[in-house]
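Trainee: model the structure of this input:
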Amino acid sequence: MASNNKNSSGKASDISNETETGIQNTSSEDTNSPDFYIPSDTPPEVLEYGSELQQLGVGRAGKLGALTLKLEYDDERRKTIVRDLFTKVPLHAQRALYLEESLPSMAYMYIQSPSGGILQGDRYRMDISLSNDTKAHITTQGATRVYRMERNFATQIINIDLGPNAYFEFIPDQIIPYRNSRFYQTLKMRVHDTATMIYSEVIVPGRVASGESFEYDICYMKAVGFNQEDQLRFTDIAILEPRKRNVSQLGVLSNRSVVGSVYLLCANTAVKSIKDDLNSIFSNNTEVVSGASVLPHNSGIIVRLLGDGASALRAAIFDVVRLTRKTILNAEFSGIRKG
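Mentor: Here you go, the predicted model:
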């Protein structure tokens with residue numbers, strides 16, 4: 001793996017154009033098997049916390065969360081509809097809504113978790129696919145809280161598959177790692193060369209109002225992008241281990257406390273103009289330190305964000321969505337509605 005070599009800062013982050021194929025990342029495709037929800041590539045930095053649970057063990061009821069969502073464009077209704085939806089608590093998804101006047105065919109959906117957060121030993125998996133010409137925006141109902149863990153760790157698999165000319169914005173709220181939490185997320189995006197995918201993630205230092213700041217054990221985020229022929233577009237890994245390494249060092253978070261990333265995969269003809277326009281917008285942002293760079297093979301853009309509050313980073317992410325939607329679809333973005 002291209003960025004397994006962590007530096008002394010405690011965060012490894014790299015973009016790679018190594019050759020990989022496929023989007024499978026579990027050892028089983030049986031949805032009734034716990035192995036279906038367990039990443040096959042869990043890194044050793046996370047596995048070292050794999051002690052046995054004394055209460056509900058991995059795979060027990062309530063410890064495996066699943067969301068399988070298939071969206072497609074309905075010619076008769078002239079909008080994106082849900083063709084198939086399967087959920088297993090503690091993951092749930094609301095029905096599709098149509099909230100954007102400039103894009104009446106775009107489906108807005110909200111992912112919920114009745115449990116309120118991720119617990120030790122939890123294994124979540126999401127599989128989201130969009131067929132040809134679909135347009136969708138998905139977010140979470142609130143922040144992803146990764147609760148305190150005395151034993152073991154938690155994982156989340158996200159697999160996304162986009163067909164030709166599909167357009168997808170996946171903009172979840174921030175991840176809040178509580179004291180002593182251990183979390184591994186693996187994101188795999190299979191995006192057609194003619195499709196557009198925006199995915200964002202924001203990690204805050206913890207429950208700052210409760211006196212917790214960088215007191216979690218590990219937050220390990222891996223993202224991999226492919227095209228429709230399973231050719232690798234990029235690999236990106238970010239590791240935060242604040243108990244082992246000082247994340248306030250120059251080159252990691254420095255004097256900032258909130259970190260974010262945006263992955264934008266789109267037609268290579270639009271990459272340069274979007275990247276230049278984003279950096280022009282970011283240069284006027286005094287609250288967030290940010291920058292956009294082109295991914296290998298001109299296949300997309302990665303945006304890094306540093307700031308002191310989730311709301312400031314969210315506003316910068318909305319700038320990415322707003323600009324991309326205008327460039328690709330010639331449509332407006334009015335924001336995300338949450339009551």
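Trainee: going by C-alpha atoms from here, please, whenever you check contacts or count neighbours.
Mentor: Noted.
Trainee: and Ile317, its phi and psi?
Mentor: Per-residue torsions, Ile317: phi -60, psi -40 (degrees, to the nearest 10).
Trainee: with the one 5 residues further on instead?
Mentor: Main-chain dihedrals, Arg322, degrees, to the nearest 10: phi -60, psi -50.
Trainee: point out where this structure drops to low pLDDT.
Mentor: Along the chain, segments meeting pLDDT under 70 span 1-28, 54-62, 250-251, 337-339.
Trainee: tell me where it has helices.
Mentor: 44-47, 268-282, 310-329 (DSSP state H).
Trainee: and the angle from the last one to helix 268-282?
Mentor: Angular relation of helix 310-329 and helix 268-282 on a 0 to 180 degree scale: 140 degrees, by axes from the mean of the first three to the mean of the last three CA atoms, to 10 degrees.
Trainee: and helix 310-329, how far from the chain's centre?
Mentor: Its chain's average C-alpha position is 15 Å from that of helix 310-329, according to CA atoms, centre = their mean, to the nearest Å.
Trainee: same deal with the first one?
Mentor: The chain centroid and the centroid of helix 44-47 are separated by 20 Å under CA atoms, centre = their mean.
Trainee: deepest of the helices of the chain, which one?
Mentor: helix 310-329 (a mean of 19; mean count of other CA atoms under 10 Å).
Trainee: alpha carbons only: can I get it in PDB?
Mentor: Taking C-alpha atoms only, helix 310-329 is exported to PDB below (Å, rounded to 0.1, in the frame of the first residue of the first chain):
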ATOM      1  CA  ALA A 310     -16.800  21.900  11.700                       C
ATOM      2  CA  SER A 311     -19.100  24.600  10.400                       C
ATOM      3  CA  ALA A 312     -16.300  26.500   8.700                       C
ATOM      4  CA  LEU A 313     -15.100  23.300   6.900                       C
ATOM      5  CA  ARG A 314     -18.700  22.500   6.000                       C
ATOM      6  CA  ALA A 315     -19.100  25.900   4.300                       C
ATOM      7  CA  ALA A 316     -15.900  25.200   2.300                       C
ATOM      8  CA  ILE A 317     -17.200  21.800   1.300                       C
ATOM      9  CA  PHE A 318     -20.400  23.400   0.200                       C
ATOM     10  CA  ASP A 319     -18.300  25.700  -2.000                       C
ATOM     11  CA  VAL A 320     -16.900  22.600  -3.700                       C
ATOM     12  CA  VAL A 321     -20.400  21.200  -4.200                       C
ATOM     13  CA  ARG A 322     -21.700  24.500  -5.500                       C
ATOM     14  CA  LEU A 323     -18.900  25.000  -8.000                       C
ATOM     15  CA  THR A 324     -19.000  21.400  -9.200                       C
ATOM     16  CA  ARG A 325     -22.700  21.300  -9.600                       C
ATOM     17  CA  LYS A 326     -22.600  24.500 -11.600                       C
ATOM     18  CA  THR A 327     -19.800  23.300 -13.800                       C
ATOM     19  CA  ILE A 328     -21.100  19.800 -14.500                       C
ATOM     20  CA  LEU A 329     -24.900  20.300 -14.400                       C
END
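Trainee: give me the number of residues near Ala154?
Mentor: Per other CA atoms under 10 Å, the neighbour tally for Ala154 reads 27.
Trainee: so what's it up against?
Mentor: By CA atoms under 8 Å, 6 or more residues apart in numbering, the residues touching Ala154 are 118-123, 182-184.
Trainee: fine by me, thanks again.
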